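Enquirer: model the structure of this input:
(4 chains)
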4 protein chains.
Amino acid sequence: MASKTPVGFVGLGNMGNPMAKNLMKHGYPLIIYDVFPDACKEFQDAGEQVVSSPEDVAEKADRIITVLPTSINAIEAYSGANGILKKVKKGSLLIDSSTIDPAVSKELAKEAEKMGAVFMDAPVSGGVGAARSGNLTFMVGGVEDEFAAAQQLLGCMGSNVVYCGAVGTGQAAKICNNMLLAISMIGTAEAMNLGIRLGLDPKLLTKILNMSSGRCWSSDTYNPVPGVMDGVPSANNYQGGFGTTLMAKDLGLAQDSATSTKSPILLGSQAHQIYRMMCAKGYSQKDFSSVFQFLREEETF
Amino acid sequence: MASKTPVGFVGLGNMGNPMAKNLMKHGYPLIIYDVFPDACKEFQDAGEQVVSSPEDVAEKADRIITVLPTSINAIEAYSGANGILKKVKKGSLLIDSSTIDPAVSKELAKEAEKMGAVFMDAPVSGGVGAARSGNLTFMVGGVEDEFAAAQQLLGCMGSNVVYCGAVGTGQAAKICNNMLLAISMIGTAEAMNLGIRLGLDPKLLTKILNMSSGRCWSSDTYNPVPGVMDGVPSANNYQGGFGTTLMAKDLGLAQDSATSTKSPILLGSQAHQIYRMMCAKGYSQKDFSSVFQFLREEETF
Amino acid sequence: MASKTPVGFVGLGNMGNPMAKNLMKHGYPLIIYDVFPDACKEFQDAGEQVVSSPEDVAEKADRIITVLPTSINAIEAYSGANGILKKVKKGSLLIDSSTIDPAVSKELAKEAEKMGAVFMDAPVSGGVGAARSGNLTFMVGGVEDEFAAAQQLLGCMGSNVVYCGAVGTGQAAKICNNMLLAISMIGTAEAMNLGIRLGLDPKLLTKILNMSSGRCWSSDTYNPVPGVMDGVPSANNYQGGFGTTLMAKDLGLAQDSATSTKSPILLGSQAHQIYRMMCAKGYSQKDFSSVFQFLREEETF
Amino acid sequence: MASKTPVGFVGLGNMGNPMAKNLMKHGYPLIIYDVFPDACKEFQDAGEQVVSSPEDVAEKADRIITVLPTSINAIEAYSGANGILKKVKKGSLLIDSSTIDPAVSKELAKEAEKMGAVFMDAPVSGGVGAARSGNLTFMVGGVEDEFAAAQQLLGCMGSNVVYCGAVGTGQAAKICNNMLLAISMIGTAEAMNLGIRLGLDPKLLTKILNMSSGRCWSSDTYNPVPGVMDGVPSANNYQGGFGTTLMAKDLGLAQDSATSTKSPILLGSQAHQIYRMMCAKGYSQKDFSSVFQFLREEETF
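Expert: Numbers count the residues shown, from 1 in each chain, chains lettered A, B, ... in the order given. Predicted structure coming up:
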């Protein structure tokens, strides 16, 4: 097997780390950078090449994957003083798997285009577990002609790689999904709590919802009420899963997109505020299904 | 086959009419009453016995089914001056398939018990179509010992008869399901509208949601966006289906139950207000999935 | 001075106690009843006549004031087995200063009318302090011809007696005021919290709001931010004042009235849910301005 | 009187036009620029100097006032290819009276500082009428030492010039005020509508609110119910005043600031969504008090 050309990787955090390892397993040599040098050590020990800035990555690799926590970090990594775009090679493929504002993705794509490179947004769904097992879903936005090339790399890290349309639509798909998820999770928690207070057994109510029109992923796959399902965060004191802070962040992105496109999101806004409140009330590190616990605390005198 | 004993039936409206006919098909002679005499004519012509008050029904039948539009109508039919409870026989089985406040169901059950009768609440889900084809779902609350007797009758009109617990829990299950349904429908409409404005194709976004955690009955079975699915109200200008007025009514019941049990329903309350607004803006007779249309109207100058 | 005819008084709780004492100061002999005998002792010691049921009060007095915590208590006191209406004299004046559902006030007025008596609703604003000092505001609904007679008694307990219209409008006025109060208090808390986080000094921001269009009673008279004003609950760890539980109760009444009249209250509903949540999070006995504290709790990791 | 040195003025729209005229009345020669040449004609005819870009303004004046519709326009006018900062003189005073994101004001201030100039944000409250009569209120953020110099100019255009603190706090004060205004206006509309449906006379209800704790600027100065007050937009079919679109824009800024500072704004978010909906339902050009009309439309069948 001919050796593969190296792939750049910027951002080796909770998600980036297992994603990069899956690329290695598929035989890709990596050019690594992270703002925290400690995050690179493991890869250096494994023989990968660690460099000292995103622009150095761009000098040594023409396919680069970035996995960063916020829009600001992504702007810094691409357009900053030592950013990728300072030394990006013509024809490079830049894939950003961060979850950020789609307007930022579009802006970065424009700047990349000026340099003769292609930028695609490819945010993931699925958490750290899926990142480890290579079962992430990638929602990809960008020039359709380049999708096959992106898919080749992303397929090493995920089991589902979905083409969504023009650049920014990967982010849009993720944001829309997570907003609907937040709404239906809170709705499930409210309905279960109300039903229990009206005398219904939670397992029976779950069964009824799931055979009726109230059925949703939050009721049938990830039920927020302790004792209803096994193997979900609600069965384990809301440990693990998808943290309330992360959900609040994604809802902030949905809010920003809705404000800038003048789209009304009456429940989406409210869901955003509820997860924001939860962060301030000690729920930030719990799974987002803990909204059931947040709602049901009893009145005390 | 031995002839069956007659069943009383009070309330022959849009839902009661086809339900009563299904009882007839199963060989039950009926004792009929409706406040609108015209509603009874069809049954009289078919040879059923029409009487002039709910108490007359109670005199002639010891199993009675009621299908009424509001709590007030149900109170009148049972406890009014000529109500069922005035002449109910000891041991009678009274099944109320109205959707009403569970607190009213409990009150009526108490009054029935004083008269030596058994009252069960058995609201339905599924609309006029399901009522015609005998495919309703009944959610039944009341004394468990009587469930088999109720099931015998309800099974003639529905394909699913679910025992929910003590009296009132049938209503509770229905209210909780419909509140969650309203929330996830509005959430689906908001997410689809936002996604479209961000450049996503609605069919593709639907596909992504349905393979992800945003999946719900409103996205995968009853999508509110015209052009995404066939055979749903959104494909037919939101005609047919479950009217906005009816959804607003059910959300009013959820609100009342939540207020009296002091259960927080942040999104449920908001959903209630949104459907209330829609009723005032010309959507009252459209299917409740028309919330997509309500949200997406364009800004005009 | 000719001795005055006795006045009946039912309900000697936190509010009723000081109100009754102000009637005594004005020379009215009282006929007293409370479900808790201990609440009557003080009045018995002072020489007032204590009886053992509301109907006994009605037998001995033709002007009766009731001050009760909920709609259910009011129904019991008037229409219960030993209620006022069992023995009310023709021509009696019944004044209910409870805060209850206006629909209940209307119903009680109808029943009183059948007995030849007049029922008026006269809820109060102002707390225990105003009750002691005789500075309550009464909002009165009922037959206009009887307003002067009501005013004579109510004027002993309050400095403001406002005629609002037909029976039930006293409740309506109180409910509408308190709903708007809740909304503007939460709005003030949100605006102050946001401003502080954006770098504004809270005293300066208060001054700016109060000279601008954001001005409201919650910003200029009862500011929720500690350190901005003296002599308000926020200056005293939210002790005293108007408890969160009571606000949640009044918002529940507003919600019920809005649901039954099909009036959209988007912010009123949300305010209701917020105060409901606060009751479950340890704020039930704090002044309702503590919503500022509820919102500002910091995100913790 | 010694002739005054010229003042630069960028943005001669609805607000900028009368503001610039008030500077002229006070004897300041102007250096004028607007993207729409037509907007400058009137000033040219009056003998003021019109130039062809913001940078030309900066070349000819060391005190510049900008009045622009959005954050993007402000960024363009200052940092664009022909922006003020391209040729700003050391020691210049730049006053931005646009209503924009406070984060943008801070960024522009940083860039100005690098060029040796001082940037202050000074958004206004009061509409076109107040701009004409020179009665605007300016909320000013920036270095305190320069406030006197700013006040000298702003005092020609407004009757109130308030120092709010560091740069960005002028915007913050305006945003917080307008968010609270939107919330209390919607609250007033909901309370008035509910009260009317419960049988209260709107003038009487207004009187009661204004002597009670529900009192706010929207109830006592700018009542949204037609027939209650004279001389306000509700008395004139909601013509004039402060348009719904502008309120929606300011609420979008509040939303952005709240999202980025992680401040919960439960009612502020909801108010934002309500004004967003109104823009899509034909209310965009009506005064923002028309929310009363929006809410009260009757249910139709």
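Enquirer: which one's the longest helix in chain A?
Expert: Secondary structure of chain A per DSSP state H: the longest helix is helix A:169-197.
Enquirer: tilt between it and helix B:169-197?
Expert: Angle, helix A:169-197 to helix B:169-197, by axes from the mean of the first three to the mean of the last three Cα atoms, to 10 degrees: 170 degrees.
Enquirer: following helix A:169-197, which helix or strand shows up next?
Expert: helix A:202-210 (DSSP states H and E).
Enquirer: what residues are up against the residue nearest to A:Asp101 when sequence neighbours are not counted?
Expert: Once flanking residues are discounted, A:Asp101 sits nearest to A:Ser71: 4.9 Å by Cβ to Cβ, 6 or more residues apart in numbering or on different chains. In short, each C-beta sits where N, CA and C put it, glycine included. With contact set as Cβ atoms under 8 Å, 6 or more residues apart in numbering or on different chains, A:Ser71 has these partners: A:98, A:100-101, A:104.
Enquirer: can you pull out the helices in chain A?
Expert: For chain A, the helices defined by DSSP H cover A:16-25, A:38-45, A:54-60, A:71-79, A:84-87, A:102-114, A:128-133, A:147-154, A:169-197, A:202-210, A:217-220, A:244-261, A:266-280, A:291-296.
Enquirer: least confident of these, on average?
Expert: Lowest mean pLDDT within the helices of chain A: helix A:128-133, a mean of 91.
Enquirer: list the contacts of it.
Expert: A:14-15, A:18-19, A:22, A:124, A:135-137, A:157-158.
Enquirer: same thing but at 7 Å, please
Expert: The contact list for helix A:128-133, computed with Cβ atoms under 7 Å, 6 or more residues apart in numbering or on different chains, reads A:14-15, A:18-19, A:136.
Enquirer: filter the residues you listed to the buried ones?
Expert: With neighbours counted by 16 or more other Cβ atoms under 10 Å in any protein chain shown, the contacts of helix A:128-133 contain buried members at A:15, A:18-19, A:136.
Enquirer: so what are the domain limits for chain A?
Expert: A:7-166, A:172-295 (automatic domain parsing).
Enquirer: what is the residue nearest the centre of chain A paired to in the beta sheet?
Expert: In chain A, the centroid-proximal residue (Cα atoms, centre = their mean) is A:Val124; its distance is 4.5 Å. Beta bridges link A:Val124 to A:Phe138, judged by DSSP bridges.
Enquirer: contacting residues for it?
Expert: Contacts of A:Val124 by Cβ under 7 Å, 6+ apart are A:97, A:136-138, A:158.
Enquirer: for A:Ser98, which non-adjacent residue is closest in space?
Expert: Closest residue in space to A:Ser98, ignoring its immediate chain neighbours: A:Leu68 at 4.3 Å, by Cβ to Cβ, 6+ apart.
Enquirer: for that neighbour, give me its contacts.
Expert: Counted by Cβ under 7 Å, 6+ apart, A:Leu68 has contacts A:11, A:74, A:77, A:98.
Enquirer: if we can go back for a sec, which of the buried ones among the contacts of helix A:128-133 sits closest to C:Met192?
Expert: Lowest distance from C:Met192 to the buried ones among the contacts of helix A:128-133 (Cβ to Cβ) belongs to A:Met15, with 37.7 Å.
Enquirer: which residues touch the closest one?
Expert: Shown in contact with A:Met15 (Cβ under 7 Å, 6+ apart): A:67, A:128, A:131.
Enquirer: at 8 Å instead, please
Expert: Residues counted as contacts of A:Met15 (Cβ under 8 Å, 6+ apart) are A:67, A:97, A:124, A:128, A:131.
Enquirer: now a PyMOL select for only the buried ones of those residues.
Expert: With 16+ other Cβ under 10 Å as the burial test, the buried ones among the contacts of A:Met15 are selected in PyMOL as follows:
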select buried, chain A and resi 67+97+124+131
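Enquirer: need the max-distance pair from the contacts of A:Met15.
Expert: Spatial extent of the contacts of A:Met15 (Cβ to Cβ) is set by the pair A:Ser97 and A:Val128 at 13.7 Å.
Enquirer: chain D versus the residue nearest to A:Asp101, what's the distance?
Expert: Counting by Cβ to the nearest Cβ, to the nearest Å, the gap from A:Ser71 to chain D is 11 Å.
Enquirer: residues in contact with the one residue in the stretch 151-300 of chain A that gets nearest to chain D?
Expert: Per Cβ to the nearest Cβ, A:Ser269 is where the stretch 151-300 of chain A lies closest to chain D, at 4.1 Å. By Cβ under 8 Å, 6+ apart, the contact list for A:Ser269 reads A:255, A:258, D:255, D:269-270, D:272-273.
Enquirer: quick check: the farthest pair among the residues you listed?
Expert: Spanning the widest gap among the contacts of A:Ser269 are A:Ala258 and D:Gln270, at 13.3 Å by Cβ to Cβ.
Enquirer: residue numbers of the stretch 151-300 of chain A in contact with chain C?
Expert: Contact residues, the stretch 151-300 of chain A versus chain C (Cβ under 8 Å from any Cβ of the partner chain): A:245, A:270, A:277, A:279-282, A:284-285, A:295-300.
Enquirer: in ChimeraX, select just the buried ones from these.
Expert: Here is the ChimeraX selection string for the buried members of these, based on 16+ other Cβ under 10 Å:
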select /A:245,270,277,279,280,281,284,295,296
